[in-house]
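Peer 1: I'll drop the sequence and a predicted model, then ask my questions.
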Amino acid sequence: MTDPLPHLRYERKFLASGASLAEVLAGVRQHPGLFREAYPDRTVNSLYLDSPARRDYFQHVNGAANRVKTRIRWYGPLSGHIERPTLERKFKRGSVSGKTGCPLPALHVNGGIAPPDLNAALDGAGMPENLRTALRHLEPAVVVSYRRHYFQSANGGFRLTVDSRLRFLRLHGATGAMTPVPDHPYPVIIELKYEPRHADEATRVAEPLPYRLSRSSKYVLGIERLLAT
């Protein structure tokens, strides 16, 4: 048994180089698609898992058409008692992507995630055994944290997220301790997300966004930042 094929959608990413968060948010609110905030903004934290050889990283940078990324995601403070973490598997199938999720037992993050605690959470999730077996071949690779604003178009066909304050943390294998990677200025990242049935409208919606289209992956940025420091 393998992961079920997720609901697939397009995700177009833009880098707002040279623009402040306030300028990007003002532009989104003035967009002719009448984007309005769909949820309160919040901090997003992701612990990415990869093989020791960083298979998923290299598949992305080499442009593999079919690839997957695995992460544990939670919202709010980076450390403390994490009540509802989720294991997510994000799939790429050509130009569309999607994800599956599996709730995990609560985690306590106190400056890191000890490997026994991480394994206990994965063991206690009740996931299919073949998936749990696959995860045993992965290890923590990097933690990514950022602030996200959420918007939806007036017609409901397009979601747009604005990510800022991007930062990365290195994990130390034996203890699971997390240490911040030295700050590096990253531009605000905009993601436009829509189902294939809205593809004909997508160019019209994307045109007012005066930013550079990018294949940016926060996981890839994180690994490259680790390699550079």
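Peer 2: Thanks, I have it.

Peer 1: Quick one: distance of the longest helix anywhere in the chain to the chain centre.
Peer 2: Secondary structure of the chain read by DSSP state H shows that its longest helix is helix 218-228. Distance of helix 218-228 from its chain centroid, counting by C-alpha atoms, centre = their mean, to the nearest Å, is 13 Å.

Peer 1: so where do the helices sit in the protein?
Peer 2: Per DSSP H, the chain carries helices over the ranges 21-29, 55-61, 115-123, 129-135, 199-206, 218-228.

Peer 1: will you turn the ones you listed into CSV that also has distance to residue 179?
Peer 2: C-beta: built from backbone N, CA, C; applies to glycine. Below are the helices of the chain laid out as CSV (distance: least, C-beta to C-beta, whole Å):
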stretch, distance to residue 179
helix 21-29, 26
helix 55-61, 20
helix 115-123, 16
helix 129-135, 24
helix 199-206, 38
helix 218-228, 11
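
Peer 1: Save those helices as JSON lines, and put in distance to residue 109 and mean neighbour count too.
Peer 2: Formatted as JSON lines, these follow (distance: least, C-beta to C-beta, whole Å; neighbours: other C-beta atoms under 10 Å):
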{"stretch": "helix 21-29", "distance to residue 109": "26", "mean neighbour count": "16"}
{"stretch": "helix 55-61", "distance to residue 109": "22", "mean neighbour count": "18"}
{"stretch": "helix 115-123", "distance to residue 109": "9", "mean neighbour count": "16"}
{"stretch": "helix 129-135", "distance to residue 109": "19", "mean neighbour count": "14"}
{"stretch": "helix 199-206", "distance to residue 109": "37", "mean neighbour count": "14"}
{"stretch": "helix 218-228", "distance to residue 109": "17", "mean neighbour count": "17"}
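
Peer 1: Can you tell me which of those is nearest to residue 172?
Peer 2: Comparison of the helices of the chain against residue 172 by C-beta to C-beta identifies helix 115-123 as nearest, at 10.4 Å.

Peer 1: residues making contact with that closest one?
Peer 2: If you take C-beta atoms under 8 Å, 6 or more residues apart in numbering as the criterion, helix 115-123 is touched by 72, 85, 87, 104-108, 132, 135, 140, 173-174, 176.

Peer 1: Could I have the buried ones of the residues you listed as ChimeraX selection syntax?
Peer 2: The command below creates a ChimeraX selection of those among the contacts of helix 115-123 that count as buried (16 or more other C-beta atoms under 10 Å):
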select :72,85,87,104,105,107,135,140,176
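
Peer 1: Out of the contacts of helix 115-123, name the ones that lie in strands.
Peer 2: 72, 87, 107-108, 140 (DSSP state E).

Peer 1: In JSON lines: these, plus distance to residue 79 and pLDDT.
Peer 2: Output for the ones in strands among the contacts of helix 115-123, formatted as JSON lines (distance: C-beta to C-beta, whole Å; pLDDT from 0 to 100):
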{"residue": "72", "distance to residue 79": "14", "pLDDT": "97"}
{"residue": "87", "distance to residue 79": "19", "pLDDT": "97"}
{"residue": "107", "distance to residue 79": "10", "pLDDT": "94"}
{"residue": "108", "distance to residue 79": "9", "pLDDT": "92"}
{"residue": "140", "distance to residue 79": "15", "pLDDT": "96"}
